[in-house]
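> Structure here, sequence nowhere to be found:
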């Protein structure tokens with residue numbers, strides 16, 4: 001197990017939103033050069049179609065009408081509240097839907113994403129790619145991802161509780177949305193960097209330390225995932241593309257400065 005206090009060597013850390021964002025789309029070039037990786041897209045593609053469709057269908061057929069019912073009425077003050085609150089609620093539903101998709105998608109497709117991440121490193125000729133991958137490890141992979149997801153959810157609940165204090169301040173709603181979106185992007189991205197970090201047997205706390213130090217790259221990966229999720233067809237490949245992109249970023253910027 002690595003020690004959190006000795007994670008980094010004395011060197012400059014390169015981290016930027018652009019790097020994390022653009023590396024997701026560099027995955028297309030890597031797939032073109034190594035078509036063997038495409039086999040790990042087949043099952044996740046169909047699984048993601050089902051997951052994303054169910055989540056957005058439920059959100060816009062159940063949650064939106066429910067919220068609208070609470071804001072129904074023709075009184076001037078109801079219309080004014082609706083005008084102020086509607087953008088906030090819409091943004092929250094959008095962010096929450098993608099976040100649920102990222103969690104459910106990673107849990108269900110984690111065996112394929114874990115292998116895809118490792119194979120990406122091998123295609124980059126990374127010697128320390130964490131070892132071979134076998135389908136017999138699927139149960140372990142799923143349990144690990146679920147455990148990490150539970151930890152992430154607890155952390156996210158705590159963060160959102162603290163952010164709610166901002167939301168109750170007059171005029172703080174939009175600042176709350178911004179900070180909430182910022183934290184969501186970080187956790188979107190975190191899940192993709194979890195694969196190479198887990199293969200090196202870093203603890204959950206160490207993963208948080210590493211990803212926070214490279215938070216701009218992680219945010220870039222999270223932003224690419226968020227945007228890709230709304231692109232027809234390509235959106236169903238978002239988990240796979242971001243997994244490859246995170247592996248690229250990890251091996252080019254993060255791994256070289258880790259002990």
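All right, it came through fine. For clarity, every value in this text was computed on a predicted model and none was experimentally measured.
> So which residues of the protein form helices?
17-33, 42-58, 64-70, 76-123, 138-167, 173-199, 204-213, 215-228, 238-249 (DSSP state H).
> out of those helices, which comes closest to residue 258?
helix 204-213 (7.1 Å; Cβ to Cβ). From N, CA and C alone the C-beta is placed, and that goes for glycine too.
> tell me the angle of that closest one relative to helix 173-199?
Put simply, helix 204-213 runs at 120 degrees to helix 173-199, going by axes from the mean of the first three to the mean of the last three Cα atoms, to 10 degrees.
> got the angle for helix 204-213 vs helix 238-249?
Using the same axes, to 10 degrees: helix 204-213 against helix 238-249 is 80 degrees.
> Helix 204-213 packs against which elements?
helix 173-199 (3 or more Cβ pairs under 8 Å, 6 or more residues apart in numbering; DSSP states H and E).
> in the stretch 51-200 of the chain, what spans have low per-residue confidence?
62-92, 126-142, 145, 167, 170-173 (pLDDT under 70).
> Name the residues that touch stretch 27-44?
105, 109, 112-113, 115-116, 119-120, 123, 237, 239-241, 244-245, 248 (Cβ atoms under 8 Å, 6 or more residues apart in numbering).
> From the chain's centre, how far out is it? Work that out for me.
When C-alpha coordinates are averaged (Cα atoms, centre = their mean, to the nearest Å), stretch 27-44 and its chain have centres 20 Å apart.
> do the same with stretch 42-57
Stretch 42-57 sits 16 Å away from the centroid of its parent chain (Cα atoms, centre = their mean).
> Just the buried residues of it, please?
44-45, 47-48, 51-52, 55-56 (16 or more other Cβ atoms under 10 Å).
> picking that back up, most tightly surrounded among the helices of the chain?
helix 238-249 (a mean of 29; mean count of other Cβ atoms under 10 Å).
> among the buried residues of stretch 42-57, which two are most distant?
44 and 56 (17.6 Å).
> quick check, distance from stretch 96-104 to the centre of its chain.
How far stretch 96-104 lies from its chain's middle: 8 Å, per Cα atoms, centre = their mean.
> if I look at residue 59, how far off is residue 97?
5 Å (Cβ to Cβ, to the nearest Å).
> repeat for residue 37
Residue 37 is 28 Å from residue 97, by Cβ to Cβ.
> Look up the closest residue to residue 220, ignoring the ones flanking it.
Once flanking residues are discounted, residue 220 sits nearest to residue 20: 2.5 Å by Cβ to Cβ, 6 or more residues apart in numbering.
> so that neighbour touches residue 189, yeah?
Yes - contact criterion Cβ atoms under 8 Å: residue 20 and residue 189 qualify, at 6.6 Å.
> shared neighbours of the two, anything?
By Cβ under 8 Å, 6+ apart, residue 20 and residue 189 have these common neighbours: 217-223, 246.
> ok, those residues vs residue 257, which is closest?
Nearest to residue 257 among these is residue 217, at 12.1 Å by Cβ to Cβ.
> returning to that earlier point: JSON lines please, covering the helices of the chain and showing distance to residue 256.
Formatted as JSON lines, the helices of the chain follow (distance: least, Cβ to Cβ, whole Å):
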{"stretch": "helix 17-33", "distance to residue 256": "14"}
{"stretch": "helix 42-58", "distance to residue 256": "29"}
{"stretch": "helix 64-70", "distance to residue 256": "46"}
{"stretch": "helix 76-123", "distance to residue 256": "13"}
{"stretch": "helix 138-167", "distance to residue 256": "24"}
{"stretch": "helix 173-199", "distance to residue 256": "13"}
{"stretch": "helix 204-213", "distance to residue 256": "13"}
{"stretch": "helix 215-228", "distance to residue 256": "13"}
{"stretch": "helix 238-249", "distance to residue 256": "11"}
